[in-house]
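Asks: predicted structure and sequence below. I'll ask about it afterward.
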Amino acid sequence: MRYLKLLYVQVLIAIVLGVAVGAIWPATGAALKPLADAFIKLIKLVIAPVIFITVAGGIARMSDLKAFGRLGGKTLLYFEAVSTLALLIGLAVGLLIRPGAGFNVDPATLDPAVGAEYAAKAAHGEGIVAWLLHLIPDTFLGPLAGGELLQVLLIAILTGFACAKLGEFGDRVADGLDQVGKVFFAIIHLVVRLAPIGAFGAMGFTVGKYGVAALGNLAVLVGTFYLTSLIFVIVVLGLIARLAGFSIFRFIAYIREELLIVLGTSSSESVLPQIMEKLQRLGASRTVTGLVIPTGYSFNLDGTNIYMTLATLFLAQATNTPLDAWQLATILGVAMLTSKGASGVTGAGFITLAATLAVVPDIPIAALALIVGIDRFMSECRALTNLVGNGVATLVVARWEGELDRGRLARELAAGPGAGADHPLAEGLATDADGD
């Protein structure tokens, strides 16, 4: 019975119950969506303040501000390299397995409204200039109220730099941020206990609305995507982790609670504060964690990248749309740009796919209707892969910067998450990478 007190066990039971309710009573399952929405909204309530406090406080205490610029450069370099590799793997698997071959779908028979709807969402605010302008908030408090992560990151960096130049007064401000942070992380520890309810509602809704049949109809695509993502995590991220000095399997075991919550809610944002806490507990400095994780939610979405190129090839093959080498290169180049606008929220990957198709007119946008019913089943895998990828990225970048306590990392991974479960994150915020 003691295992029932463990959060990850409760979440796992809730997922099974949600699937059962959705399969047996579809209408009831579909009506459970508000439970999932409420849980995610409670988590998002504290995401912006947590990022602001972590980043601003971390930069405020940096003695060498040039090091922060170097950290940002290394982070973006890592993101671009691994994200491009994920896109290439999705493209290669799509060409090799050809999951859409044999469908022989006539685009004229598809409902164009579905594709048009998502294409319109994708086109809203598109463009590099518009995107860059969007990074600059209208007011200082606006991003904190609206939850725009990149905007929150920007004002946190500005605040941190300002405090770093104010000397002793800036140190007192940083101390104040740490104290306020304790309140928000206490809220997180309360809200996360509701994760089983959120997972139950999300899985009940998914199965109740779309049905297991939707999964079976396009099982080849779904299975190919899950297998590709699994191989990417074990082989690619596993190799990167090994080079950084830790085991990907032990890391996955360490964040199992977060992974189960993501599986249940289909959103990696639902565990953003918790994953930041665990990465600091593993020995990554708060400055590295505060920069890499929020930035990774827009720039390092490995699961979304695999999905985009694989799904694009599936739609081309299903509608018998031939693609030459130049068109494949165009898809890859466009996906490298559009993937940077995705986030950890459910459905963002599908909208980003629509944005990619809109720039590759050879593939009919109406073809999106083929996979709209199963996208929810694939969103869980996208979110899981994204979460693991950003966790590995944080530890790798922290080691590059010499801001990873490797001794603590080894001890924590060997002991498991339960050993440090009672550590308040506020301790991590007040502790540097060397544990001083």
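Replies: That came in fine, so what should we check first? Numbering: from 1, shown residues only.

Asks: how near is the residue lying closest to residue 367 once chain neighbours are set aside to residue 369?
Replies: In this structure, residue 367 finds its nearest non-sequential neighbour in residue 315, 4.2 Å apart by Cβ to Cβ, 6 or more residues apart in numbering. C-betas here are computed from N, CA, C, even on glycine. Here the criterion is Cβ to Cβ, to the nearest Å. By it, residue 315 lies 10 Å from residue 369.

Asks: of those two, who's got more company?
Replies: Higher neighbour count among residue 315 and residue 369: residue 315, with 29 against 21, using other Cβ atoms under 10 Å.

Asks: now do the contacts for the nearest residue to residue 284 once chain neighbours are set aside.
Replies: Spatial nearest neighbour of residue 284, excluding adjacent residues (Cβ to Cβ, 6+ apart): residue 398 at 4.0 Å. Counting by Cβ atoms under 8 Å, 6 or more residues apart in numbering, residue 398 makes contact with 283, 284, 285, 288, 289, 292, 404, 433.

Asks: switch the cut-off to 6 Å
Replies: 284, 288, 404 (Cβ atoms under 6 Å, 6 or more residues apart in numbering).

Asks: returning to that earlier point: right, and the residue nearest to residue 367 touches residue 368 too?
Replies: No: using Cβ atoms under 6 Å, residue 315 is not in contact with residue 368; the gap is 7.3 Å.

Asks: regarding residue 363, what is its secondary structure?
Replies: The three-state label given to residue 363 by DSSP: H, G, I helix; E, B strand; the rest coil is coil.

Asks: roughly how far does it sit from residue 96?
Replies: 19 Å.

Asks: neighbour count for those two, which is higher?
Replies: In this view residue 363 and residue 96 are compared by other Cβ under 10 Å, and residue 363 has more residues nearby, 23 against 9.

Asks: shared neighbours of residue 315 and residue 369, anything?
Replies: With Cβ under 6 Å, 6+ apart, residue 315 and residue 369 have no common neighbours.

Asks: let me know the average pLDDT across the helix or strand harbouring residue 77.
Replies: Assigned by DSSP states H and E, residue 77 belongs to helix 65-97. Throughout helix 65-97, pLDDT has a mean value of 89.

Asks: for that helix, buried residues please.
Replies: If you call a residue buried by 16 or more other Cβ atoms under 10 Å, then helix 65-97 has these buried ones: 68, 71, 74-75, 78-79, 82-83, 85-87, 89-91, 93-94, 97.

Asks: where does the stretch 251-400 of the chain have low pLDDT?
Replies: Under the criterion pLDDT under 70, the flagged ranges of the stretch 251-400 of the chain are 338, 340-351, 359, 373.

Asks: show me where it has its strands.
Replies: Ranges of strands within the stretch 251-400 of the chain: none, based on DSSP state E, counting those that start in this stretch.

Asks: same deal with the stretch 1-150 of the chain?
Replies: Under DSSP E, counting those that start in this stretch, the stretch 1-150 of the chain gives no strands.

Asks: so where is it shaky, pLDDT-wise?
Replies: 1-3, 63-65, 108-134.

Asks: ranges for the helices of it?
Replies: For the stretch 1-150 of the chain, the helices defined by DSSP state H, counting those that start in this stretch occupy 7-24, 26-30, 33-60, 65-97, 112-123, 128-134, 142-146, 149-164.

Asks: the ones you listed: which one's closest to residue 329?
Replies: helix 65-97 (9.7 Å; Cβ to Cβ).

Asks: packing partners of the closest one?
Replies: Helices and strands touching helix 65-97, by 3 or more Cβ pairs under 6 Å, 6 or more residues apart in numbering; DSSP states H and E, are helix 302-318, helix 375-400.

Asks: now the helices of the stretch 1-150 of the chain as a markdown table including distance to residue 218?
Replies: Shown next, in a markdown table, are these (distance: least, Cβ to Cβ, whole Å):
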| stretch | distance to residue 218 |
| --- | --- |
| helix 7-24 | 18 |
| helix 26-30 | 19 |
| helix 33-60 | 22 |
| helix 65-97 | 13 |
| helix 112-123 | 15 |
| helix 128-134 | 32 |
| helix 142-146 | 35 |
| helix 149-164 | 32 |
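
Asks: measure residue 235 to residue 86 for me?
Replies: 12 Å.

Asks: touching both of those two, which residues are there?
Replies: Contacts common to residue 235 and residue 86, judged by Cβ under 6 Å, 6+ apart, are absent.

Asks: ok, residue 208 touching residue 21?
Replies: No: with contact defined as Cβ under 6 Å, residue 208 does not reach residue 21; the gap is 7.1 Å.

Asks: could you name every residue contacting both of these two?
Replies: The contact lists of residue 208 and residue 21 share residue 29, where a contact means Cβ under 6 Å, 6+ apart.

Asks: burial measure for residue 44, as a count.
Replies: The burial count for residue 44: 16, using other Cβ under 10 Å.

Asks: can you pull the contacts of it?
Replies: Contacts of residue 44 by Cβ under 6 Å, 6+ apart are residue 147.

Asks: quickly note the distance from it to residue 148.
Replies: 11 Å.

Asks: now do residue 242
Replies: 36 Å.

Asks: how close does the residue nearest to residue 284 sit to residue 288?
Replies: Distance from residue 398 to residue 288, by Cβ to Cβ: 4 Å.

Asks: swap in residue 77?
Replies: Distance, residue 77 to residue 288, using Cβ to Cβ: 14 Å.

Asks: same question, residue 406
Replies: 14 Å.

Asks: those two: who's more crowded?
Replies: Taking other Cβ under 10 Å, residue 406 and residue 288 do not tie; residue 288 has more neighbours (27 against 16).

Asks: right, and that one touches residue 403 too?
Replies: Yes: if you go by Cβ under 6 Å, residue 288 and residue 403 touch, sitting 5.1 Å apart.

Asks: show me the helices in the stretch 201-350 of the chain, by range?
Replies: Under DSSP H, counting those that start in this stretch, the stretch 201-350 of the chain gives helices at 219-231, 238-244, 248-254, 256-265, 272-281, 286-299, 302-318, 325-338, 348-359.

Asks: of all those, which one comes closest to residue 50?
Replies: Ranking these by proximity to residue 50 (Cβ to Cβ) places helix 272-281 first, at 4.8 Å.

Asks: next, the angle helix 256-265 makes with the closest one.
Replies: Relative orientation of helix 272-281 and helix 256-265, computed by axes from the mean of the first three to the mean of the last three Cα atoms, to 10 degrees: 160 degrees.

Asks: off-centre distance for helix 272-281?
Replies: 13 Å (Cα atoms, centre = their mean, to the nearest Å).

Asks: and that helix, what other elements does it pack with?
Replies: Partner elements for helix 272-281 (3+ Cβ pairs under 6 Å, 6+ apart): helix 286-299, helix 425-429.
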